[in-house]
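With the input below, show me the fold.
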Amino acid sequence: MSQENTEKLERIIKEVDELVAYHQDGNPHRFKGDQFINHIESLLKDIEEQILHYSSFKTTHDEMTRRKEYLAKAREVVSDILKTVMLKAIIDPSEIIKERLVKEFQKKEANSFYALSIEEQEYLTNWMIRVQTKEMAQVQDMIKNCNISFQFAKTHSTLLKDWEKTKQESEEKFKNGILPPGSSANLYRAIIDATDEIIRWKLQMIRDAFEKKFGESIYNYLGPDGKTKKLFGIF
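This next block holds a predicted model:
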């Protein structure tokens with residue numbers, strides 16, 4: 001057993017302890033965002049390499065056995081934390097992400113696409129943030145509480161169908177000049193388009209979360225339209 005491998009194991013133990021303290025006790029971690037995810041993935045890779053290294057020893061020496069058992073447990077713990085962190089990253093409802101979507105949508109406004117007044121632009125921005133927060137809360141609830149892949153996929157199908165129906169109804173009202181109280185035609189048009197972007201963003205998050213949570217594509221359960229069952233049309 002080389003000094004190099006002993007030092008690697010000591011470093012792994014230190015980094016696993018640090019990660020567990022972050023996960024269980026909420027202690028701050030020195031890495032943030034994508035760097036944090038990359039760090040956990042790198043740690044998991046190091047653990048796998050050490051497991052492979054120690055598996056080559058057939059001895060039943062107590063210290064060797066303890067190291068093997070520790071690495072096996074560390075792999076399980078770090079894998080679970082990585083999954084949790086990656087799922088959280090998908091649906092992080094932070095102000096940065098909210099503002100990013102608003103800014104991307106408002107590029108159209110910069111070109112006078114909707115010709116909204118200052119008051120209408122402010123209303124639209126606040127409205128988008130409120131809707132995003134509500135929609136992301138639903139995604140978070142799905143990830144936390146829905147542990148059946150079939151049901152998770154069915155929810156995606158139902159949400160998509162419901163939005164397509166709602167959007168069609170809204171488009172008909174807009175076409176016929178039936179506007180919400182106090183709304184101009186331009187603002188209503190912007191609200192419909194903004195909602196469409198938010199819902200499609202939400203559905204993409206659900207698809208990403210499904211793959212991270214269940215380890216397969218949601219399209220194994222859905223047709224290419226994201227609604228119908230691939231073989232039997234159950235949805």
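
show me what contacts Ile81?
The contact partners of Ile81, taken as CB atoms under 8 Å, 6 or more residues apart in numbering, are Leu19, Val20, His23, Ile40. All C-beta atoms are positioned from the backbone trio N, CA, C, and that covers glycine.

which ones are touching the third one?
It refers to His23. The contact partners of His23, taken as CB under 8 Å, 6+ apart, are Ile81, Thr84.

Distance check, it against Phe36.
Per CB to CB, to the nearest Å, His23 is found 11 Å from Phe36.

likewise Gln3?
Gln3 sits at a distance of 30 Å from Phe36 (criterion: CB to CB).

Counting neighbours, go ahead and name the busier of those two.
A side-by-side neighbour count of Gln3 and Phe36, using other CB atoms under 10 Å, places Phe36 first with 17 against 7.

Helix, strand, or coil at the closest residue to that one other than its chain neighbours?
Of all residues not flanking Phe36 in the chain, His29 sits nearest, at 6.2 Å (CB to CB, 6 or more residues apart in numbering). Remark: His29 carries the secondary structure label coil [criterion: DSSP: H, G, I helix; E, B strand; the rest coil].

Give me the number of neighbouring residues for His29.
Using other CB under 10 Å as the criterion, His29 is surrounded by 16 other residues.

dump the residue contacts of it.
Contact partners of His29, counting by CB under 8 Å, 6+ apart, are Glu18, Leu19, Tyr22, Phe36.

picking that back up, pull out the buried members of the contacts of Ile81.
When neighbours are counted using 16 or more other CB atoms under 10 Å, those contain these buried positions: Leu19, His23, Ile40.
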